[in-house]
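**Student:** okay, here's the prediction I keep looking at, along with the sequence it came from:
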Protein chains: 2
Amino acid sequence: MEKVQPRTLSGFMELLPNEQILFNQMKETIQKTYERYGFLPLDTPIIESAEVLLAKAGGETEKQMYRFKKGDADLALRFDLTVPLAKYVAKNYGNLSFPFRRYQIGKVYRGERAQKGRYREFYQCDIDVIGDGELDLINDAEMPSIIYSLIKELGFDDFTIKINNRKILNGLFEGLNQKENSTEILRVIDKLEKIGKDAVVEELKKLDVKEEQIKAIMDFIEIEGTSNEKLEKLENLGINNETYQKGVEELKSVINNVRLFGVPEENFQVDLTIARGLDYYTGTVYETFLNNYRELGSVCSGGRYENLAEYYTDKKLPGVGISIGLTRLFYKLNELNIIKAEKKSISDILIIPITEDLKEPIKLATELRKIGINTEVYLNNKKLKAKFKYADKLEIPYVIVIGDDEIKAKKIKLKNMKSGEEKEVNMDAEEIVKYIQ
Amino acid sequence: MEKVQPRTLSGFMELLPNEQILFNQMKETIQKTYERYGFLPLDTPIIESAEVLLAKAGGETEKQMYRFKKGDADLALRFDLTVPLAKYVAKNYGNLSFPFRRYQIGKVYRGERAQKGRYREFYQCDIDVIGDGELDLINDAEMPSIIYSLIKELGFDDFTIKINNRKILNGLFEGLNQKENSTEILRVIDKLEKIGKDAVVEELKKLDVKEEQIKAIMDFIEIEGTSNEKLEKLENLGINNETYQKGVEELKSVINNVRLFGVPEENFQVDLTIARGLDYYTGTVYETFLNNYRELGSVCSGGRYENLAEYYTDKKLPGVGISIGLTRLFYKLNELNIIKAEKKSISDILIIPITEDLKEPIKLATELRKIGINTEVYLNNKKLKAKFKYADKLEIPYVIVIGDDEIKAKKIKLKNMKSGEEKEVNMDAEEIVKYIQ
């Protein structure tokens, strides 16, 4: 028979089992943390009507979209989880309780140019709080506390959540009569971390921003000091613009409340250069950096938006949310070999029967499973050495060999595969568990 | 602004949060059970090269496939999890340990005609054990024990796992010189449950099966009695065909070992009418019925196949597996209102602050979360009544109101939202937990 070459498309992550186990642990940690804070689960279709997705998409996103026909239907794959959320809230408005707190963890699709570490199919892990008409600013302060818990749970201690408010920059631009240009200027400033100060100045020049104004902008984004010092400097900068003043006031309130939510001083800071490229953010914005791995870029970002679903409904639905691009994050952490995971295998115990009589081995496995121990019985007829090699390759931590002698004596040897140590134990699930925890 | 109508495509399930919570619990139960038996996780892309998927697809499946171009690439969405598994094992053969036990829970896509209870996007939850060259028959007996655990974990006691072996029927057809016709005949027999005996006879006539042969087939599939009686009758039917005899022998061995694996007699039976329409099954086949809800059809099916990945590799890879179509199953169970779920809400406790000073409410929430209690703090400025209504609608089981009095006295009232009962407790996470478990 002519064979088809078994291949996976480039830009699509497909892991070997040991890596998949690590990936799933990260995913479950994120899910569990989101649920700890009472966010409700949501699972929207991957395929939507193209018209629905295009209500919001545009530019690059539209070009990258997977769009196709099935019969007469004009369909597309979701490119983020925010547009489906907007659709969902508009559609189900009457059936939801507000503030609507939801999490969604799912795959999204962007037909980007393939390159190392860039994915066309990737997991996003989002939470958002959506208000009906209004949403108290205190919600903007809860987000960093969730980021804090999350990154700690993922096993990292040395990280910084950077917080800013878009109104401050927007107000500044209004004051400089650069309002029309502000989205473009924000996009450029957003690249400061990546391309450096000189390149930012060059790009601003290209936008026809006057040299004097560039100086003002650069002076502003270079305000230094602790979060409190920055807030003080912002207040004393003498900028007489309402939006600016509102922004400073909001940022001050958020920062104070982030402390109230228990985020340690060393894990957050005001950073006036954080703008988030996306133009739908209108207030607080966040980015999160692992301080020893700055090359990863922001691992968790988000912000406040004035109106989630204006393309679908007249209802005003302000919200605040954060997102983790898990696929890329996993790829990077895995490459650096710094994934903190508790379990390296699914099975806790492999039972190897070396007898025709499988009754006792299976009975023991059933009992172990009942008390929550993942247990596999090796069911194929191989040499003992091959069976141990199997346990080794799968990194199963404990092995129990059961032959006729063990069945007669009702005692087994529990072998710790890491230390090589063997322990004689009664053939009893409860007793065995004591030695593996 | 012109609004786009927020809508979800027909044939795509999108649940409200309270239903999503139930759905996720079923999904997690399935995942946990699969892991209990040591199956490794796998997550393959939803998009594959069309050529890779089409190696196996054909007929209806091909017509139903979502296939499209992106640039030059001819792409398609997976229509099951078996073809991606075959590709994966062929591709990663050298890096896997055999027998390769994997589970996969993911969405698959079929552009079927939309109708009630039929989905175009639906979850499949599969396990398979793949052998390298060969796979011991004992694995065929483990599958029903996993189905048994699974259906019990999903909260059902009265169900029957029906077991058959394709070789028996195939051998019978060989004996009747109907070998060429056997796939077609099997497809017809498979519909017995659905369309009844007379319609099956009619359809067999249409296939040009002689009346005498139809009689033999019908006599055969109407063999009655207990599993042991059926096995005995099969052995004594005097059919002198090697395939037939092999099938009877395998079925006998599997049934005996299913007992060994601890499946109670009332939860399984030999059923000679079970054939599974798909032509890649070559030995043992399974279907599972909830006895009080026969209208659901089989809720968990599968079987043994001789060669998983012949389209991609020369390696012989026999396997055995089962699959649950979760989306349809959930839809049906939900419609019947018989989903057994432990939790109806994500949050265990809602803390409602009625003070400007959020420090203590947030501190308590943080402590509760640390000991594993999902806790939400109501952060929006609404009337107390609206806050309780929120807890009610989300079915959050406990509410704690914290005002200045509570903070001063370091005591709170824990309100059980179901019973209405209030309990005064110290403002201490450990103590509160005692009362909610």
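**Tutor:** Received the coordinates, thanks.
**Student:** do you know the pLDDT at residue A:194?
**Tutor:** In this prediction, residue A:194 carries a pLDDT score of 86.
**Student:** distance check, the closest residue to it other than its chain neighbours against chain B.
**Tutor:** Leaving aside its sequence neighbours, residue A:194 sits nearest to residue A:297 (CB to CB, 6 or more residues apart in numbering or on different chains; 7.8 Å). Every residue, glycine included, has its C-beta placed from N, CA and C. With the distance defined as CB to the nearest CB, to the nearest Å, residue A:297 ends up 24 Å from chain B.
**Student:** and for residue A:297, the neighbour number?
**Tutor:** By other CB atoms under 10 Å in any protein chain shown, the residues close to residue A:297 number 17.
**Student:** any idea of the pLDDT on it?
**Tutor:** 92.
**Student:** which ones are touching it?
**Tutor:** Taking CB atoms under 8 Å, 6 or more residues apart in numbering or on different chains as the criterion, residue A:297 is in contact with A:193-194, A:289.
**Student:** try 10 Å
**Tutor:** A:193-194, A:287-290, A:325, A:328-329, A:332 (CB atoms under 10 Å, 6 or more residues apart in numbering or on different chains).
**Student:** now swap in residue A:85 and tell me
**Tutor:** A:42, A:44, A:100, A:102, A:104, A:126, A:128, A:130, A:308-309, A:317, A:319, A:321.
**Student:** go again using 8 Å as the cut-off
**Tutor:** So residue A:85 contacts A:42, A:44, A:102, A:104, A:126, A:128, A:130, A:308 (CB under 8 Å, 6+ apart).
**Student:** break chain A into its domains for me.
**Tutor:** Domain segmentation of chain A under automatic domain parsing yields A:8-158+A:292-343, A:166-265, A:349-436.
**Student:** tell me the phi and psi of the residue nearest to residue A:194?
**Tutor:** Dihedral pair for residue A:297: phi 70, psi -170, per degrees, to the nearest 10.
**Student:** cool, residue A:213 as well?
**Tutor:** Per degrees, to the nearest 10, the backbone of residue A:213 is at phi -70, psi -40.
**Student:** re earlier: measure the residue nearest to residue A:194 to residue A:118 for me?
**Tutor:** According to CB to CB, to the nearest Å, residue A:297 and residue A:118 sit 12 Å apart.
**Student:** same question for residue A:206.
**Tutor:** Counting by CB to CB, the gap from residue A:206 to residue A:118 is 26 Å.
**Student:** ok, these two, which is more surrounded?
**Tutor:** residue A:118 (15 against 10).
**Student:** that one belongs to a helix?
**Tutor:** No - read with DSSP: H, G, I helix; E, B strand; the rest coil, residue A:118 is coil and lies in no helix.
**Student:** number of residues surrounding the closest residue to it other than its chain neighbours?
**Tutor:** Once flanking residues are discounted, residue A:118 sits nearest to residue A:112: 5.8 Å by CB to CB, 6+ apart. Other residues near residue A:112 come to 14 when the count uses other CB under 10 Å.
**Student:** please enumerate the helices of the stretch 151-300 of chain A.
**Tutor:** A:166-175, A:182-189, A:192-195, A:197-206, A:211-221, A:227-235, A:242-260 (DSSP state H, counting those that start in this stretch).
**Student:** OK, contacts around the residue nearest to residue A:118?
**Tutor:** A:11, A:64, A:118, A:120.
**Student:** can you confirm it is in a helix?
**Tutor:** No - Residue A:112 is assigned coil when assessed by three-state DSSP, not a helix.
**Student:** just the buried residues of stretch A:65-75, please?
**Tutor:** Residues of stretch A:65-75 classed as buried under the neighbour-count rule (16 or more other CB atoms under 10 Å in any protein chain shown) are A:65-68, A:70, A:75.
**Student:** give me every residue in the stretch 101-250 of chain A lying close to chain B.
**Tutor:** A:101-102, A:107, A:109, A:111, A:120-121, A:131, A:135-136, A:138-139, A:142, A:149 (CB under 8 Å from any CB of the partner chain).
**Student:** please repeat the previous calculation with a cut-off of 6 Å.
**Tutor:** A:111, A:121, A:136, A:138-139 (CB under 6 Å from any CB of the partner chain).
**Student:** count of neighbours near residue A:127?
**Tutor:** Neighbours around residue A:127, by other CB under 10 Å: 27.
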